[in-house]
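Trainee: Give me coordinates for this.
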Amino acid sequence: MIAALGISLFNINYVFFYLSTVHLISGFVALCFSSILFMNVVNNIVFKHKYPKIMTLVGGLIGTLGLLFIFYGEIISFEFSKGTSIGILLGVLATYFASIGNLISEYTSKVKLNVVAVTGYGMLYGSVTLLIYLLVVGIDLNFDFSYRYIISLLYLSIFGSVFGFILYLSIIKNIGANDAAYVAIIMPLIALIISTIFEGLIWDMNLYIGAFLVLFGNILILKRN
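Mentor: As a prediction, this is how the structure comes out:
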């Protein structure tokens, strides 16, 4: 089960999303990933016969509407082509494998497996299977030894992956995969706040409305917990 979690969450999910970003703007990538909340609901019904609370669905819909407001400018200027349709398909597939990983994590927590150990072994399985795939298909392996690359890689590895997923899988353990998936909707809002601080992003009315809807959806989901 941990191997299945690692391959779905730390291998296929990552690779498909990186390939998706070749064809899609950030707004559509965020919208693809936000669908994990609804995929978790469907997978819980199909595999576990577990139905969501109404507030989970309402909060998710409100949060998704908020994302549409936030990325309104990118969406209306978006030009649809064959490449973008491939990008959307890859984004949806990536999200589905992430959803499968979420449900497996919920199961490993239910059988009392340690979250840190599951995350560590899951990342090991994901990394090793990805390396095997790269060797089989003959992709050249290389490394950029520049200071900027190494620092960014360490940040993504330690904070974006190890700490981030330990916390996220802990949330799944405490409140379940359905409600924890709201992280996918609130992440773009956090990115906008960081962009405001470090890149001088100017907020317009769409951003304010979208941020309010995302936060309000989050309150609806988490208040009962």
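Trainee: Could you use CA atoms for every contact and neighbour count after this?
Mentor: Noted.
Trainee: how about the top helix by length along the chain: buried residues?
Mentor: Taking DSSP state H as the criterion, the chain has its longest helix at helix 82-110. Residues of helix 82-110 classed as buried: 84, 86-88, 90-109 (neighbour count, 16 or more other CA atoms under 10 Å).
Trainee: Quick one: mean pLDDT over stretch 99-107.
Mentor: Averaging pLDDT along stretch 99-107 yields 92.
Trainee: Only the C-alpha atoms, please, for it, written as CSV.
Mentor: The C-alpha coordinates for stretch 99-107 follow below in CSV (Å, rounded to 0.1, in the frame of the first residue of the first chain):
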residue,chain,number,x,y,z
SER,A,99,-6.5,11.6,-5.2
ILE,A,100,-5.7,7.8,-5.2
GLY,A,101,-2.6,8.6,-3.1
ASN,A,102,-4.8,10.6,-0.7
LEU,A,103,-7.2,7.7,-0.2
ILE,A,104,-4.3,5.3,0.4
SER,A,105,-2.9,7.7,3.0
GLU,A,106,-6.3,7.7,4.7
TYR,A,107,-6.1,3.9,4.8
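Trainee: any chance you could map the helices in this protein?
Mentor: Along the chain, counting by DSSP H, helices occupy 2-7, 13-21, 26-34, 36-48, 54-70, 72-76, 82-110, 115-137, 147-155, 164-175, 177-180, 183-199, 205-223.
Trainee: And the contacts of the second one?
Mentor: When you say that, I think you mean helix 13-21. Outside of helix 13-21, the residues within contact range by CA atoms under 8 Å, 6 or more residues apart in numbering are 29, 86, 87, 88, 89, 90, 91, 93, 94, 95, 97, 98.
Trainee: just the last one next, same as before
Mentor: For helix 205-223, the surrounding residues in contact (CA under 8 Å, 6+ apart) are 55-56, 58-70, 72, 179, 182, 185-186, 189.
Trainee: can we see that at 7 Å?
Mentor: Counting by CA atoms under 7 Å, 6 or more residues apart in numbering, the neighbours of helix 205-223 from elsewhere in the structure are 55-56, 59-60, 62-63, 66-67, 69-70, 179, 182, 186, 189.
Trainee: got it, and the shortest one?
Mentor: Outside helix 177-180, the residues within contact range by CA under 7 Å, 6+ apart are 37, 40, 41, 56, 102, 103, 106, 171, 172, 221.
Trainee: Which pLDDT does the model give the first one?
Mentor: Spelled out, that is residue 37. Among the per-residue scores, residue 37 holds a pLDDT of 81.
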